[in-house]
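*Asks:* structure for the following, please:
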Amino acid sequence: MQFRQQALAKLQSPEELDLPVRFARPQGWLVLSVTVVVMAAASVWAVTGSVASTVGAPAILTHGEGSYILQSPVAGQVTAVVAKEGTRLPANSPVLKVRTAEGDSVVRTVAAGRITALAATIGQIVQTGANVAAVEKVARATDPLYATVYVPAENAASIPANAAVDLTVQSVPTQEYGVLRGHVKSVDRSAQSAQQISAFLGDSQLGEQFTKDGRPVAVLVRLDKSSGTKSGYTWSSADGPPFSLTSMTMADASIRLADERPVDWLLP
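*Replies:* So this is what the prediction gives:
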């Protein structure tokens, strides 16, 4: 009976129409305002913003023209090794001497460059066409280094001109000196075989290494120069490593691809 009397009393009471009605608490208005601002910012970013993506691939520091494998034009026994690894020689310079049935023959460089590897020793018997040396095509010590990046063929088409590249050089502690900076100079139009890579680098093992997951596309990267570092190139750290870089040094590259508009994948 008590609840019945209270209900009847409430029905007989005035409607209190003169009292203000509270639709939401102040905390609720704050949450609603923040939600509206966030949604507006997300909408603007979806239309005008972009998402940066990268592709990673193995790389090697070289000079722009690469290397070549010097082969013996004759068959015979090596009687002398004239050149030394690391020396730069002009074109047509003697590398080694081979004694044949017709007399002594001299194996010479085809183009100017630096001897990076010697595969022949005194007393060795070589056949015609045998690999006897690897020569990097560099005529002057001041010739700049480049990075050759071997990118999977399916990613090559998405690499824009002058794309930014970060290189983690294997001989440089990354945590201490950071990464090497560069920009894409050119992208080959076709994928390369192990033989083509070996001929360019002067190393058959590297040709096999760079093609173990398929035939890649070679991307030539121009290293950003800096007069304030020991290496002469720009690093993510202020000074970079306290030593110079040498060719045929391995690295891992991260190439920035063309920015993608987020609205393309936000919308169905």
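*Asks:* right, and residue 244 touches residue 172 too?
*Replies:* No: taking contacts as Cβ atoms under 8 Å, residue 244 lies outside contact range of residue 172: 11.2 Å. Heads up, the C-betas are built off the backbone N, CA and C, glycines and all.
*Asks:* tell me which of these two has more neighbours.
*Replies:* Comparing residue 244 with residue 172 by other Cβ atoms under 10 Å, the one with more neighbours is residue 172, at 21 against 11.
*Asks:* quick one: contacts for that one?
*Replies:* Going by Cβ atoms under 8 Å, 6 or more residues apart in numbering, residue 172 touches 180, 240-241.
*Asks:* let me see the mean pLDDT of stretch 201-211.
*Replies:* Averaging the model's pLDDT scores along stretch 201-211 yields 89.
*Asks:* other residues contacting that stretch?
*Replies:* When contacts are taken as Cβ under 8 Å, 6+ apart, the neighbours of stretch 201-211 outside the stretch itself are 58, 60, 62, 66-69, 116-117, 131, 134-136, 148, 150, 192-199, 216, 248.
*Asks:* list the contacts of the residue nearest to residue 177 when sequence neighbours are not counted.
*Replies:* The shortest distance from residue 177 to any residue that is not its chain neighbour, by Cβ to Cβ, 6 or more residues apart in numbering, is 4.6 Å, and that residue is residue 241. Contact partners of residue 241, counting by Cβ under 8 Å, 6+ apart, are 172-173, 177, 230-231, 235.
*Asks:* redo that, cut-off 7 Å
*Replies:* Contacts for residue 241 were tallied using Cβ atoms under 7 Å, 6 or more residues apart in numbering; they are 172, 177, 230-231.
*Asks:* which of the contacts of stretch 201-211 are buried?
*Replies:* Restricting the contacts of stretch 201-211 to buried positions leaves 58, 60, 62, 66-69, 116-117, 131, 134-136, 148, 150, 192, 194, 196-199, 216, 248, with burial counted as 16 or more other Cβ atoms under 10 Å.
*Asks:* surely residue 154 is within a strand?
*Replies:* No: residue assignment for residue 154, taken from DSSP: H, G, I helix; E, B strand; the rest coil, gives helix, which places it outside any strand.
*Asks:* run a quick neighbour tally on residue 225.
*Replies:* For residue 225, the tally of surrounding residues (other Cβ under 10 Å) stands at 13.
*Asks:* I figured it hits residue 231, correct?
*Replies:* No: assessed by Cβ atoms under 7 Å, residue 225 is found out of contact with residue 231, at 9.7 Å.
*Asks:* filter the contacts of stretch 201-211 down to the ones in strands?
*Replies:* With DSSP state E as the criterion, strands contain 58, 60, 62, 67-69, 116-117, 131, 134-136, 148, 150, 216 from among the contacts of stretch 201-211.
*Asks:* wait, which of the contacts of residue 172 is closest to residue 253?
*Replies:* Closest approach to residue 253 among those (Cβ to Cβ): residue 180, at 9.3 Å.
*Asks:* touching, that closest one and residue 232? I think so.
*Replies:* No: in terms of Cβ under 7 Å, residue 180 does not count as a neighbour of residue 232; the distance is 11.1 Å.
*Asks:* that'll do, ta.
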